[in-house]
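[1] One predicted model, sequence on top.
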Amino acid sequence: MNDILPGAVARWQQIERTARELFALYGYREVRTPVVEPYALFARGVGEATDIVNKEMYVFEDKGEEKLALRPEGTAGTVRAYIEHGAHVDGPQKWFYIGPMFRRERPQKGRYRQFHQIGVESFGVAEPAMDVEQVAMLDDLFRRLGVVPALELNSVGDAVCRPAYLAELREYLARNAAGLCDDCRDRTGKNPLRVLDCKVEGCQPILASAPRLVDRLCEGCRGHFEAVEKGLDDLGVKYRLNPRLVRGLDYYVRTAFEFTSDALGSQSAVAGGGRYDGLVETLGGPPTPGIGFALGEERLALILEASGRPAPEDRPEVFFVTVDDAGRREALRRAAELRRAGIPCDLDARGGKAKAQFKQAERVGARYAVVLGQSEAESGQAKLKDMQSREEALLDLSGLAARLRPSPRG
Ligand code: HAM
């Protein structure tokens with residue numbers, strides 16, 4: 001679990017600000033749900049056989065009450081809230097959330113035990129147009145931030161076509177068990193789809209020839225998948241079909257997708273999602289189609305870092321250097337004026353030697369310094385010093401705000 005210090009937070013704010021602005025353009029509204037939910041919600045929603053529920057959840061007893069868990073993801077809690085507040089009566093809903101999630105995984109680059117997701121969930125629309133809109137929106141978000149992770153797309157079928165496929169896959173994996181790793185053999189019985197996700201080199205030949213669900217989709221799933229592909233083509237969203245893309249959560253049907261980046265090393269997925277048409281009903285609500293995704297903020301920050309794009313800076317436009325009491329009073333007055341005008345500025349409230357104050361101005365990255373003392377306070381004029389070029393210009397203090405426009409924020 002990481003501290004995110006002020007120097008790094010500008011990057012996070014840039015990501016979240018961009019997401020909020022974009023989601024608003026698509027009609028998504030923010031929802032905030034608790035980080036603690038009943039254990040049973042995740043067992044039923046995400047799936048008892050998944051690694052997330054089985055191995056990675058932080059579970060605890062609350063003094064004899066029901067078993068609770070720190071949320072490992074945002075979808076189950078969002079669906080619970082949707083049901084609990086009867087949100088379906090207001091027609092289709094588009095919600096988003098930003099917040100911490102918890103998984104007890106082995107930490108490594110891009111994989112942490114507390115991490116942060118930006119996620120969206122849309123309820124009430126079964127049509128492929130919603131899948132297209134959501135994937136395109138996520139693509140749009142990456143573009144706005146100046147990165148282009150690769151999109152992988154698959155259909156994981158539904159209750160009509162998946163059972164027969166799973167039986168076929170299980171039979172194939174059992175027949176070839178000798179060539180598979182222990183993990184794969186273990187998963188063959190419990191969660192055969194996850195076997196397709198195995199990265200172990202030795203398993204690859206067998207997995208490459210495994211039966212593919214995309215070749216066995218029922219008519220409904222096939223039609224849906226083709227419409228999603230066509231919709232993405234129409235919008236110019238590039239993707240790669242990956243018949244072996246499976247997700248680590250059980251609720252998905254039909255569309256499943258992931259955005260991956262080479263900048264991340266082995267934890268290459270920066271975002272993932274898909275359709276979950278049966279989940280609302282499974283969790284006790286009315287039959288309601290749904291689709292969503294979540295992106296990992298830590299991973300997106302790593303990609304932005306690797307791309308070399310500078311984080312937007314939060315630096316003062318002006319730093320007031322004060323040489324006496326009159327100067328300090330004047331600085332406080334002028335700082336208040338600038339802040340009212342929306343111009344970030346600062347001063348060293350300790351006063352002290354001018355040299356030390358200039359040093360502080362440099363440290364915080366101020367663009368200009370203004371030296372104030374009794375004579376400046378009396379004349380109403382002071383020197384504006386450019387901290388980079390060291391050039392100085394004399395100006396009327398009353399015209400300071402007009403001279404400095406608010407710096408654009410990220
Ligand atoms: P997920 O694929 O498990 O999906 O997680 C989404 C993203 O969260 C991943 O692509 C990754 O960037 C980030 N992430 C996951 N685990 C970690 C970790 N231990 N450390 C850092 N980042 C991590 C879900 O959680 C689904 N609820 C997404 C969804 C929403 N599907 C439908 N609606």
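    Yep, that arrived. Residues are numbered from 1 along each chain as shown.

[2] tell me what the one helix or strand L302 maps to is packed against?
    Taking DSSP states H and E as the criterion, L302 maps to helix 297-306. Judged by 3 or more C-beta pairs under 8 Å, 6 or more residues apart in numbering; DSSP states H and E, the packing partners of helix 297-306 are helix 6-25, strand 114-123, strand 269-275. Just so you know, the C-beta spots here come from the backbone N, C-alpha and C atoms, and that holds for glycine as well.

[3] next one: the first one to chain centre, how far?
    Relative to its chain's centre, helix 6-25 lies at 9 Å (C-alpha atoms, centre = their mean, to the nearest Å).

[4] Sheet partners, orientation included, of the next helix or strand after it?
    Next in sequence after helix 6-25, counting helices and strands by DSSP H and E, comes strand 29-30. Applying DSSP bridges, strand 29-30 is found paired with strand 93-102 (parallel).

[5] Please export the C-alpha coordinates of the partner strand as PDB.
    Extracted in PDB, the C-alpha atoms of strand 93-102 (Å, rounded to 0.1, in the frame of the first residue of the first chain):
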ATOM      1  CA  GLN A  93     -28.300   4.700 -15.600                       C
ATOM      2  CA  LYS A  94     -24.700   5.600 -16.300                       C
ATOM      3  CA  TRP A  95     -22.500   5.900 -13.200                       C
ATOM      4  CA  PHE A  96     -18.800   6.300 -12.500                       C
ATOM      5  CA  TYR A  97     -16.600   6.000  -9.400                       C
ATOM      6  CA  ILE A  98     -13.100   6.800  -8.300                       C
ATOM      7  CA  GLY A  99     -11.600   5.200  -5.300                       C
ATOM      8  CA  PRO A 100      -9.300   2.600  -3.600                       C
ATOM      9  CA  MET A 101      -9.700  -1.100  -4.000                       C
ATOM     10  CA  PHE A 102      -7.900  -3.900  -2.000                       C
END
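
[6] how big is the angle separating it from strand 114-123?
    160 degrees (axes from the mean of the first three to the mean of the last three C-alpha atoms, to 10 degrees).

[7] what's next to strand 93-102, contact-wise?
    16, 19, 23, 26-33, 35, 57-58, 70-74, 78, 82, 87, 113-124, 297 (C-beta atoms under 8 Å, 6 or more residues apart in numbering).

[8] separation between R403 and the ligand?
    To the ligand, R403 is 44 Å away according to C-beta to the nearest ligand atom, to the nearest Å.

[9] show me what contacts that residue?
    L384, L395.
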